[in-house]
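Enquirer: prediction below, plus the sequence it came from.
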Amino acid sequence: MEEHEKLERTKAELDELAYVVSHDLRAPLRTILHNLQFLQRRCGDQLDTENANHLERALEATEKSHHMLDDLLVYSRLKTRARPHELVDCGELVGRALRELSELLARSGGEVTCGELPQVLADRQQLQLLFKHLIQNGLRYGGGERPQITISCERRGDNFRIAVQDNGPGFPGNDPERAIRMFASLHDPEERQGTGMGLPICRSIAEVHGGSLAIANLEEGGACVCVTLPVPTDEALTKAEPPRVRIIQSSRDSSS
């Protein structure tokens, strides 16, 4: 019991450290970004090509660092600021996530096929964020000119198993689990579009809800992220508020 308490205390301290670092570093980083933007507006047309490129790279690096700290702050708050769980419809949350990603859907030419999804007890905003990250990853790193994402679900005992599959090249290397590590860099810097925090955030959300997250490369090509969530008990369903109106949205609806 003593070792367990030490482990829990260490986890709490690390969560607090992540919050402090991400929160307190944002202010000076924002100052640096604003000053770089000021220099670009004031002196940009006076710089030669080499110095203009240096300034542009500094701006890009600062903006990326700012996004990384934002995601780290989100990650640090998942367990400490979770809202009370309510009965939510996963299909509705996928629809909302698709609407938020409508611009990326149109730009990528991607298509999302969503099967029947369950109702679960969850923090509505956190679970919607999970679906948004998983769909976003599939669109960013999906297959060729037309990413295709399939979302399906099956019940396994006391858990729902939700699978998000894409037709991309899969996770690089022989250790797909590396992708779930914080700030994991699996792609060339020039190709990397995110912060490396999407999957860690999704795993933490699944764990907060009593579930888990696993990833794998498919033999036929592409990658699959599987999220397990507990099936609500009859008692919990009786006490919970009824879900909101369900919205199922395909990629074609989003990109039209």
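Expert: Structure received. Residues are numbered from 1 along each chain as shown.

Enquirer: these two touch, right, Tyr75 and Arg203?
Expert: No: counting by CB atoms under 8 Å, Tyr75 sits too far from Arg203 to count as a contact (9.9 Å). Backbone N, C-alpha and C define where each C-beta goes, glycine included.

Enquirer: pLDDT below threshold where in the stretch 1-150 of the chain?
Expert: Residue ranges of the stretch 1-150 of the chain with pLDDT under 70: 1-4, 6-8, 10-11, 14-15, 18, 21-23, 80-82, 143-144.

Enquirer: go again with 80.
Expert: Scanning the stretch 1-150 of the chain for pLDDT under 80 picks out 1-27, 64-83, 142-145.

Enquirer: would you map the strands across it?
Expert: Per DSSP state E, counting those that start in this stretch, the stretch 1-150 of the chain carries strands over the ranges 86-89, 111-114, 119-122, 148-156.

Enquirer: start and end of stretch 35-54, how far apart?
Expert: Length of stretch 35-54, first residue to last, CA to CA, to the nearest Å: 15 Å.

Enquirer: roughly how far is it from the heart of the chain?
Expert: The chain centre lies 33 Å from the centre of stretch 35-54; the measure is CA atoms, centre = their mean, to the nearest Å.

Enquirer: and the residue nearest the centre of the chain, how close does it get to Gly198?
Expert: Nearest residue to the geometric centre of the chain (CA atoms, centre = their mean): His133, 2.9 Å. His133 sits at a distance of 4 Å from Gly198 (criterion: CB to CB, to the nearest Å).

Enquirer: what's the answer for Leu229, then?
Expert: Distance from Leu229 to Gly198, by CB to CB: 18 Å.

Enquirer: and if you look at Leu73?
Expert: Relative to Gly198, Leu73 is positioned 14 Å away (CB to CB).

Enquirer: mind checking which of the two has more residues around it?
Expert: Set Leu73 next to Gly198 and count neighbours by other CB atoms under 10 Å: Gly198 wins out with 21 against 16.

Enquirer: what's near enough to touch that one?
Expert: Each residue near Gly198 by CB atoms under 8 Å, 6 or more residues apart in numbering is listed here: Asp71, His133, Leu134, Gln136, Asn137.

Enquirer: same thing but 6 Å
Expert: By CB atoms under 6 Å, 6 or more residues apart in numbering, the contact list for Gly198 reads His133, Asn137.

Enquirer: that's all I had, so thanks and see you.
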